[in-house]
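Participant: next come a sequence and a model predicted from it.
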Amino acid sequence: MDVFTALAQNIGILHITVGNIVMILIGLGLVYLAVKKNYEPLILLPIGITAVLVNLPLTGLTQPPTGFLYLVKHYLIDTEVVPLLIFLGLGAMIDFGPLIANPKSLLLGAAAQIGVFVAMLLALLLGFNVKEAASIGIIGGADGPTTIYLTIKLAPHLLAATAVAAYSYMSLVPLIQPPVIKLLTTKKERMIRMKQLRPVSKKEKILFPIVTMIVVGLLVPSAAPLIGMIMIGNLFRESGVVERLRKAASEELMNIVTIFLGIGVGSTMQAQTFLTPKTLMVLGLGIVAFASATAGGVLFAKLMNLFIREKINPMIGAAGVSAVPMSARVVQRLALEEDPENHILMHAMGPNVAGVIGTAVVAGVFLSLLGG
Amino acid sequence: MILTILTEVLEGLKITVIGVTVVFIILSILAAIMAGFKPLFYKRVKPVKIVPETREKVRKPHEAKSVEEKLALPPGLSPEEISVLTAAVLGFLEYKRKKLEKIDVFRELPGLENILYVAGLAFRAKLRISVGGVEKLVEIEEVPGGFIVRYRGKEYRVGLKI
């Protein structure tokens, strides 16, 4: 009889809860979106399937001190190793050339960060505390690693919700941004053609990461880990003398840390922590953050047009939400819809990569003001 | 409860003002530095102006004096023979290149094929070429300074200098 009791106690299905079932369905939903709809599959697929795994009862995968997923989360995510390594890889992949050619793009990247603050204020009105609100607001930066980096420090209990919101909405940029852009611009504005960008020399491309790292590091030290990693990766790329390191950072290392990020974040999606009203609010506020960041960039571009001689197409302001390169592609598609010969992709890439820097700086400001 | 929320919102507003200001200041500083890069590192390439006299000089040698001169053929050869010989030589060179590219050393040092003849290795081929949609059979072999092409029982010597 004792044997049967012991056996029954170790059969998972006898311990499954409604919450577990709901989370398994949510996990499978993410897997479906990744596989069928191709929504950020590199990150949503591992998150989704790990969410299924951690909601199977009695697996012990997330149990300290030896559960595998516990170890991944504890040593790689909680210590911020993975988000920072992702930034290194990202730097090795990004071409800052369009930004150097048109430095005004940096202001558009800054303007799009307004969305972060709008979402933060709304989160405060909904009853979140300041640290939680900052973690929710940063979703508007459309930068997954920064969102994870900040949330781990300020509101670790919201990690799963903010990460899922950030990555899901990044893949939904082509659906979220166009209505906002069209609402805020006229057809004439969307048809503005921009002068071709000047070529950028190798010297400039090498100096850019060094200068940016020093300037940001000196002014907002809390943003130095993020900016430092992205700029080191970028220097690998632009120096042209460490091809092996560039390749390792942008391919092998990036792939490895993406796997750990996916399963690390997925491991936090347990029913008891994820199925709360707060999660729903975070997901809702995430959309607000994206939409208001888009609006901030577009409106600032229109404002700039009042003062500059060579008008810019205000749509490129929307690319300031840093979801590289999706938002720049969205802008290019909208421009071609209005004028099939108006190619503004490279102009949109400027604010797009500026947004990455802007979001990292905002995260640094939050950390400075709210503490880690 | 409402008071707590209001306090938090006020703090949020303070953070917003500081945050937006800091982001704009830092990115403006970076923008100013980037703008400074342009005069330091970017030199616009001046477009080359072609003066009318130069243009005249360049154009002259290419201009044919008359239609007859444009169509002038080597003496004793019909347009069909010229086409066949040209196609035969081109086809032969392609045939030779394809044969040699299978051997690593020729792929890495393509110049080597030019000294094969010195080593006593001459290529010879029978080619089926198409001129004006009509297929023709030619025989071609390498000789010093060119090729010998055999077509319809006649033998033509074609020189080639690169």
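Facilitator: That came through fine.
Participant: for residue 98, grab the count of nearby residues.
Facilitator: Let's take chain A. 22 (other CB atoms under 10 Å in any protein chain shown). (Glycine included, C-beta is placed from N, CA and C.)
Participant: my question was about chain B
Facilitator: Neighbour tally, residue B:98, other CB under 10 Å: 9.
Participant: what pLDDT does residue A:37 get?
Facilitator: pLDDT, residue A:37: 89.
Participant: separation between it and residue A:30?
Facilitator: From residue A:37 over to residue A:30 the distance is 10 Å, taken as CB to CB, to the nearest Å.
Participant: neighbour count winner among those two?
Facilitator: Between residue A:37 and residue A:30, residue A:30 has the larger neighbour count (other CB under 10 Å), namely 27 against 12.
Participant: please confirm that the more buried one is located within a strand.
Facilitator: No. Counting by DSSP: H, G, I helix; E, B strand; the rest coil, residue A:30 is located in no strand; its state is helix.
Participant: name the nearest residue to it, ignoring sequence neighbours.
Facilitator: Closest residue to residue A:30 apart from its sequence neighbours, by CB to CB, 6 or more residues apart in numbering or on different chains: residue A:48 at 2.9 Å.
Participant: how about the secondary structure of that neighbour?
Facilitator: Residue A:48 - assigned by three-state DSSP - is helix.
Participant: quick check: it touching residue A:25?
Facilitator: No. Contact criterion CB atoms under 8 Å: residue A:48 and residue A:25 do not qualify, at 10.6 Å.
Participant: which of these two has more neighbours?
Facilitator: Remark: of residue A:48 and residue A:25, residue A:48 carries more neighbours, 25 against 12, as counted by other CB under 10 Å.
Participant: picking that back up, the residue nearest to residue A:30 and residue A:250, how far apart?
Facilitator: Residue A:48 is 25 Å from residue A:250, by CB to CB.
Participant: which intervals of chain B have sub-threshold pLDDT?
Facilitator: B:44-75, B:110-111, B:113-115, B:117-120, B:161-162 (pLDDT under 70).
Participant: now with 80?
Facilitator: B:1, B:42-76, B:101-122, B:131-133, B:143-145, B:160-162 (pLDDT under 80).
Participant: write out the residues of it neighbouring chain A.
Facilitator: B:5, B:8-9, B:11-13, B:15-16, B:18-20, B:22-35, B:37-38, B:41-42, B:44 (CB under 8 Å from any CB of the partner chain).
Participant: those in helices, which ones?
Facilitator: B:5, B:8-9, B:11-13, B:15-16, B:18-20, B:22-35, B:37-38, B:41 (DSSP state H).
Participant: any quick PyMOL command for the buried ones out of those residues?
Facilitator: To isolate in PyMOL the members of those that are buried, counting by 16 or more other CB atoms under 10 Å in any protein chain shown, one can use:
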select buried, chain B and resi 8+9+11+12+15+16+19+20+22+23+24+26+27+29+30+31+33+34+37+38
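Participant: for the nearest residue to residue A:93 once chain neighbours are set aside, give its distance to residue A:224.
Facilitator: Nearest residue to residue A:93, sequence neighbours excluded (CB to CB, 6+ apart): residue A:250, at 4.7 Å. As defined by CB to CB, residue A:250 lies at a distance of 21 Å from residue A:224.
Participant: mind giving me the domain split of chain B?
Facilitator: B:1-44, B:73-158 (automatic domain parsing).
Participant: what is the burial count for the closest residue in space to residue A:47 that isn't next to it in sequence?
Facilitator: Of all residues not flanking residue A:47 in the chain, residue A:266 sits nearest, at 4.2 Å (CB to CB, 6+ apart). Neighbourhood size, residue A:266 [other CB under 10 Å]: 29.
Participant: what residues are up against residue A:266?
Facilitator: By CB atoms under 8 Å, 6 or more residues apart in numbering or on different chains, the residues touching residue A:266 are A:27, A:46-51, A:53-54, A:69, A:160.
Participant: how about 6 Å then?
Facilitator: A:47, A:50-51 (CB atoms under 6 Å, 6 or more residues apart in numbering or on different chains).
Participant: same thing with residue A:112?
Facilitator: A:293, A:296-297, A:320-321, A:355.
Participant: what does it show for phi and psi?
Facilitator: phi -70, psi -20 (degrees, to the nearest 10).
Participant: what pLDDT does it get?
Facilitator: 96.
Participant: distance check, it against residue A:322.
Facilitator: 7 Å.
Participant: any common contacting residues for the two?
Facilitator: residue A:355.
Participant: next structured bit after the longest strand seen in chain B?
Facilitator: Assignment by DSSP state E gives strand B:134-143 as the longest strand of chain B. Next along the chain after strand B:134-143, taking DSSP states H and E as the criterion, comes strand B:146-151.
Participant: residues contacting the residue nearest to residue A:30?
Facilitator: A:27, A:30-31.
Participant: can you tell me how far it is from residue A:11?
Facilitator: 25 Å.
Participant: show me where the stretch 251-372 of chain A has helices.
Facilitator: A:254-266, A:271-274, A:277-305, A:326-338, A:345-370 (DSSP state H, counting those that start in this stretch).
Participant: and of the ones you listed, who's closest to residue A:193?
Facilitator: Closest to residue A:193 of the helices of the stretch 251-372 of chain A, according to CB to CB: helix A:326-338, at 8.9 Å.
Participant: taking the mean pLDDT, what do you get for the closest one?
Facilitator: 93.
Participant: buried ones in that helix?
Facilitator: Across helix A:326-338, burial judged by 16+ other CB under 10 Å covers A:326-332, A:334-335, A:338.
Participant: from these, pick the one nearest residue A:94.
Facilitator: Nearest to residue A:94 among these, with distances taken as CB to CB, is residue A:328, at 11.6 Å.
Participant: what's the distance between the nearest residue to the closest one once chain neighbours are set aside and residue A:315?
Facilitator: Among residues not flanking residue A:328 along the chain, residue A:348 sits closest, at 3.8 Å (CB to CB, 6+ apart). Separation of residue A:348 from residue A:315 (CB to CB) stands at 7 Å.
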